[in-house]
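Asker: Structure here, sequence nowhere to be found:
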């Protein structure tokens, strides 16, 4: 552990920026200020308790056979790190990349940090500059990178025997040139597959083994929304935990963080949404939700074999008060089943709506009534 805390270990650190493959170019061209501001941040100066987990990686014997975890005072992981040593080449002269890779507290890529003043190099041993490191970070931040389905021999043009570029015989293929760090194609390729390889799988496995009510509650207590999103995904996979956290997850529909709000909405589908109390609870939140979220809930209800009478009554009431439009009403009708039409209140409301001035509304309402008869 002494070499982990060595003062000479750090040159550069790149902190996490979330992005998709489609947004990569725009984000890079914009050069977010947060990347430049955090470039010298030291992961090992962050507060917390360090724990070392043994990790046997038969596919990568040169890298450290352990994963270091930094956890906060509540036992929630802040990051996971592994010191990697990678040989970067295909043919010709090879380079060695020594650095730390980091994953956040839910096992997603977080950043990297160079080790022992050893910069990454490319053509003719030329060192990466600050822009190269930023671009490399953006590449590693993209779990849907084009590198995912790319074979390493596709990265280069047909080689000229007299040339050695990026430790490879041949120049970077034009199809990848704008996406990858110039003259460092295989470095990008190797590190991306390292980030999304065995280490990440092992971290995810460790986290899933911790999944219980107490741990999930501690994640919900964190300020960082990424913990909450991860917890929601885990609960969705574990029916035994759902009743305990359904109300909490429903409250996240009102979050100002759209990613968290959308994940909560995505949670209430399938078997989870079959619960009548959940159906009614979601409908009762309509006054506080955006149109798109209202419509998504209605759409999800159409996939259910049974629908809560009170939820349908409330939805029809919203239409009568012009809080839901005619297009949404057609989907509400698709969520109504024969059993619901036996409810006199529902039948009377539809009967009333069938006299609506809007011909489309009148038509679909009358067809629904005919179906009930």
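Answerer: Looks like it arrived, so ask away. Remember, it's a predicted structure, so these values are computed and weren't measured experimentally.
Asker: C-alpha only now, for contacts and for neighbours.
Answerer: Noted.
Asker: how would you label the closest residue to residue 260 other than its chain neighbours: helix, strand or coil?
Answerer: Distance criterion C-alpha to C-alpha, 6 or more residues apart in numbering; nearest residue to residue 260, sequence neighbours excluded, is residue 229 at 5.9 Å. At residue 229, secondary structure determined by DSSP: H, G, I helix; E, B strand; the rest coil is helix.
Asker: Show the low-confidence segments of the chain, by residue range.
Answerer: Filtered on pLDDT under 70, the chain yields the residue ranges 1-40, 90-94, 123-124, 152-154, 156-177.
Asker: domains for it, by residue range?
Answerer: Following automatic domain parsing, one finds the domains of the chain at 13-202, 213-372.
Asker: how about these in a markdown table, adding mean neighbour count?
Answerer: Formatted as a markdown table, these follow (neighbours: other C-alpha atoms under 10 Å):
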| stretch | mean neighbour count |
| --- | --- |
| domain 13-202 | 18 |
| domain 213-372 | 17 |
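Asker: Spell out, range by range, the helices that occur in the stretch 251-373 of the chain.
Answerer: Assigned helices in the stretch 251-373 of the chain, in chain order: 258-267, 270-273, 276-283, 291-301, 309-320, 326-334, 338-341, 344-353, 359-372 (criterion: DSSP state H, counting those that start in this stretch).
Asker: tilt between the first one and helix 276-283?
Answerer: It refers to helix 258-267. In terms of direction (axes from the mean of the first three to the mean of the last three C-alpha atoms, to 10 degrees), helix 258-267 departs from helix 276-283 by 140 degrees.
Asker: who's in contact with helix 258-267?
Answerer: Residues outside helix 258-267 that contact it (C-alpha atoms under 8 Å, 6 or more residues apart in numbering) are 225-226, 228-229, 232-233, 236, 249-250, 252-255, 293, 297.
Asker: picking up where we left off before, please name the residues that touch the residue nearest to residue 260.
Answerer: Contacts of residue 229 (C-alpha under 8 Å, 6+ apart): 260, 263-264.
Asker: correct me, but residue 330 touches residue 362?
Answerer: No. Counting by C-alpha atoms under 8 Å, residue 330 does not reach residue 362; the two are 10.9 Å apart.
Asker: wait, is residue 103 part of a helix?
Answerer: No. Residue 103 is assigned strand when assessed by three-state DSSP, not a helix.
Asker: just wondering, since we're on residue 352, how far is it from residue 319?
Answerer: With the distance defined as C-alpha to C-alpha, to the nearest Å, residue 352 ends up 12 Å from residue 319.
Asker: Please compute how far stretch 191-198 lies from its chain's middle.
Answerer: 17 Å (C-alpha atoms, centre = their mean, to the nearest Å).
Asker: Please apply the same query to stretch 127-141.
Answerer: Between the centre of stretch 127-141 and the centre of its chain there are 21 Å (C-alpha atoms, centre = their mean).
Asker: One more: stretch 55-63?
Answerer: Distance, centroid of stretch 55-63 to centroid of chain: 27 Å (C-alpha atoms, centre = their mean).
Asker: what about it, start to end distance?
Answerer: Note: stretch 55-63 ends 10 Å apart using C-alpha to C-alpha.
Asker: Go ahead and name everything in contact with that stretch.
Answerer: 65-67, 82-86, 198.
Asker: Quick check, residue 49 in contact with residue 76.
Answerer: No. Using C-alpha under 8 Å, residue 49 is not in contact with residue 76; the gap is 10.1 Å.
Asker: what about the strands in this structure?
Answerer: For the chain, the strands defined by DSSP state E cover 13-14, 49-54, 66-71, 77-88, 95-104, 109-114.
Asker: Of the ones you listed, give the one that comes closest to residue 219.
Answerer: strand 77-88 (9.7 Å; C-alpha to C-alpha).
Asker: Run me through the strand neighbours of the closest one, direction for each.
Answerer: According to DSSP bridges, strand 77-88 forms sheet pairs with strand 66-71 (antiparallel), strand 95-104 (antiparallel).
Asker: and that strand with strand 109-114, angle?
Answerer: Using the same axes, to 10 degrees: strand 77-88 against strand 109-114 is 60 degrees.
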